[in-house]
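In: model this:
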Amino acid sequence: MQSNQIQNKKAVLVGVEFPENRDFALDMEELFGLCQALSIECCTSISQSLAREDSATFIGSGKVEEVRAAVLFHEADLVIFQNALSPSQLHNLSKALSVEVLDRTQVILQIFAERARSKEAKMQVQYATLQYMLPRLVGLRENLSRQGGSGGAGLSNRGAGEKKIELDKRKIQEEMAFLRRECKKQEEVRRVKRQKREKSNIPRIALVGYTNAGKSSLMNAILDWSKEGQKEKVEEKDMLFATLDTTIRHVKGERGEEFLFADTVGFIRDLPPKLLDAFHSTLEEAIEADLILQVVDYSDPNYQKHMDSTLATLKKLEASHIPMLYVMNKCDKVLPLSELPKKRGDKLYISVKEGIGISELMEAVSEKASANLRPLSILLPYSEAAWENSIRKEGKILSLSYEEEGIQMELRLPEALYAKLQRFSFNK
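Out: Next up, the predicted model:
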């Protein structure tokens, strides 16, 4: 599935609302946004309320005729369904409408295929695409039967066509097995790198959130704020799923404390399970983080639902237990700048665009990251002053004074460093 096959084409959007779906309007709005990401012109949208889907065409036969009329009127090239379609439904609809029919999952796969940059991201998208395609080869059998016609020659052609499908299925299965092996290799490389980072005891901070909430922009603002560390910026664009790869940057704070920040792929409502599975290894940076920053587009009227979707995805990834701060971004669009930044509980209201609130955010990150550190008062002999570098790098210095006997410090330290420095402890 190549995204350039449907880019700049005209489409009719179709959505079915079921009784349990309370966010149908939002679903259709998001489908429109997904189409925009591929430069698809949305001519019109057609909706229907049903108690249950039609097994053959998802929508009723009368609605199929309405969609067909819209396709002819607008000279559309595509019909795109908000709902997930079965292989037989896709086949039956394509036959009835005489145009290509896609569902939401296919559109997301096309976007991911276009956005993938690294070798691993491309492999993950390819694997998810093949996984989606495999069961849909079965639906081609009826098509081959029609092409074969009747009579002996038809039966012969049909047999050859069915054999071709079996060969295609086998080829896809072999390709999926190859991609699984290659992704496992990349996963092992990342695991080794992560183990090295864990040994450093540097707090790991993951930026997560709804797609296009401003995670990459925030990462770059933090890199600009950082006193030292890696300054290489991450790509930021005003589009859905601009970031597919997890990018890690080293950041140094005002008091010498260090952090590892990870920018991750954006989430979306009801992200297809197969895609979530494919990117599970990439998202391990979020799963293994010490602190999660959920970046939220506060100017979006549906921001609360976006937050709920992000939390639901983190729950699926078994990462909902990790401490979290909510970064309410783009507040400049809805609040006076004079009110920014402001903090309410675990929410910090900022504007990355206006450069407001980055220092306050990093202070909150420092406090939250040190919440699990153990307090220790030490008198460090000057002969052991080399420890100061490790303390600044891995822990937090609450107070420091240079006395005649050595350096007196009030510290908060990770367990491993606490054990090493406990011999210098003293009671004030």
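In: quick one: distance of stretch 26-45 to the chain centre.
Out: In this view, stretch 26-45 has its centroid 19 Å away from the chain centroid, taken as C-alpha atoms, centre = their mean, to the nearest Å.
In: would you map the strands across the stretch 151-300 of the chain?
Out: In the stretch 151-300 of the chain, the segments counted as strands under DSSP state E, counting those that start in this stretch are 204-209, 247-252, 258-263, 291-297.
In: now render the ones you listed as TSV, adding mean neighbour count, mean pLDDT and distance to residue 378.
Out: C-beta: built from backbone N, CA, C; applies to glycine. Below are the strands of the stretch 151-300 of the chain laid out as TSV (neighbours: other C-beta atoms under 10 Å; pLDDT from 0 to 100; distance: least, C-beta to C-beta, whole Å):
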stretch	mean neighbour count	mean pLDDT	distance to residue 378
strand 204-209	26	92	26
strand 247-252	20	89	23
strand 258-263	23	90	20
strand 291-297	24	96	26
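In: so which of those gets nearest residue 11?
Out: Smallest distance to residue 11 across these (C-beta to C-beta): 25.7 Å, for strand 291-297.
In: so what touches the next helix or strand after that closest one?
Out: Moving toward the C-terminus from strand 291-297, the next helix or strand (DSSP states H and E) is helix 303-316. With C-beta atoms under 8 Å, 6 or more residues apart in numbering as the test, helix 303-316 has contacts from 23, 26, 208-210, 213, 267-271, 276, 286, 292, 294, 296-297, 300, 320, 322, 326, 328.
In: quick one on the thing from earlier: can I get the strands of the stretch 151-300 of the chain in CSV including distance to residue 356?
Out: Shown next, in CSV, are those (distance: least, C-beta to C-beta, whole Å):
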stretch, distance to residue 356
strand 204-209, 18
strand 247-252, 19
strand 258-263, 19
strand 291-297, 15
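In: residue 391: neighbour count?
Out: Using other C-beta atoms under 10 Å, the number of residues around residue 391 comes to 23.
In: residues touching it, list them.
Out: 397, 409, 411, 413, 417, 421.
In: residue 44 too?
Out: 12, 13, 70, 74 are the contacts of residue 44 under C-beta under 8 Å, 6+ apart.
In: farthest pair in these?
Out: 13 and 74 (11.1 Å).
In: residue 246 contacts residue 266, doesn't it?
Out: No - contact between residue 246 and residue 266 fails when scored by C-beta atoms under 8 Å: they sit 11.7 Å apart.
In: picking up where we left off before, ok, residue 13 and residue 74, which is more surrounded?
Out: residue 13 (24 against 15).
In: quick one: contacts for that one?
Out: When contacts are counted by C-beta under 8 Å, 6+ apart, residue 13 touches 28, 31, 32, 35, 42, 44, 45, 46, 79, 80, 81, 82.
In: tell me which helix or strand it sits in.
Out: Following DSSP H and E, one finds residue 13 within strand 10-17.
In: which neighbours does that strand have in its sheet, and in what orientation?
Out: Using DSSP bridges, the strands paired with strand 10-17 are strand 41-49 (parallel), strand 78-81 (parallel).
In: residues contacting the helix or strand just after that strand, please?
Out: Next helix or strand after strand 10-17 toward the C-terminus (DSSP H and E): helix 24-37. The contact list for helix 24-37, computed with C-beta under 8 Å, 6+ apart, reads 11, 13, 15, 17, 21, 42, 45, 47, 80, 82, 104, 107-108, 111, 239-241, 268-269, 302, 305.
In: out of the residues you listed, which end up buried?
Out: Among these, those scoring as buried are 11, 13, 15, 17, 42, 45, 80, 82, 104, 107-108, 111, 240-241, 268-269, 302 (criterion: 16 or more other C-beta atoms under 10 Å).
In: just the helices in the protein please.
Out: Assigned by DSSP state H, the chain shows helices spanning 24-37, 61-74, 87-97, 104-115, 119-133, 140-148, 151-199, 215-225, 273-278, 284-287, 303-316, 358-369, 387-394, 415-421.
In: buried residues, the first one. List them.
Out: With burial defined by 16+ other C-beta under 10 Å, the residues of helix 24-37 counted as buried are 27, 28, 30, 31, 32, 34, 35, 37.
In: do the same with stretch 319-330
Out: Here stretch 319-330 shows 319, 322, 324, 325, 326, 327, 328, 329, 330 as buried, counting by 16+ other C-beta under 10 Å.
In: how far out from the middle of the chain is it?
Out: Centre-to-centre, stretch 319-330 and its host chain are 14 Å apart (C-alpha atoms, centre = their mean).
In: list of residues touching it?
Out: 209, 213-214, 217-218, 286-287, 289-300, 303, 307, 311, 314, 346-353, 361, 364-365, 368, 371.
In: just the buried ones from those?
Out: Among these, those buried by neighbour count (16+ other C-beta under 10 Å) are 209, 213-214, 217-218, 286, 289-298, 300, 303, 307, 311, 314, 348-352, 361, 364-365, 368.
In: how about the nearest residue to residue 413 once chain neighbours are set aside, what does it touch?
Out: Distances taken as C-beta to C-beta, 6 or more residues apart in numbering place residue 395 nearest to residue 413, at 4.1 Å, with adjacent residues excluded. Contact analysis of residue 395 by C-beta under 8 Å, 6+ apart lists 257, 370, 373, 411, 412, 413, 414, 417.
In: so how far is residue 106 from the third one?
Out: Pointing back at residue 373 there. Separation of residue 373 from residue 106 (C-beta to C-beta, to the nearest Å) stands at 48 Å.
In: of these two, who's got more company?
Out: residue 106 (23 against 19).
In: that one reaches residue 132, doesn't it?
Out: Yes - Residue 106 is within contact range of residue 132, at 7.2 Å (criterion: C-beta under 8 Å).
In: all set now, cheers.
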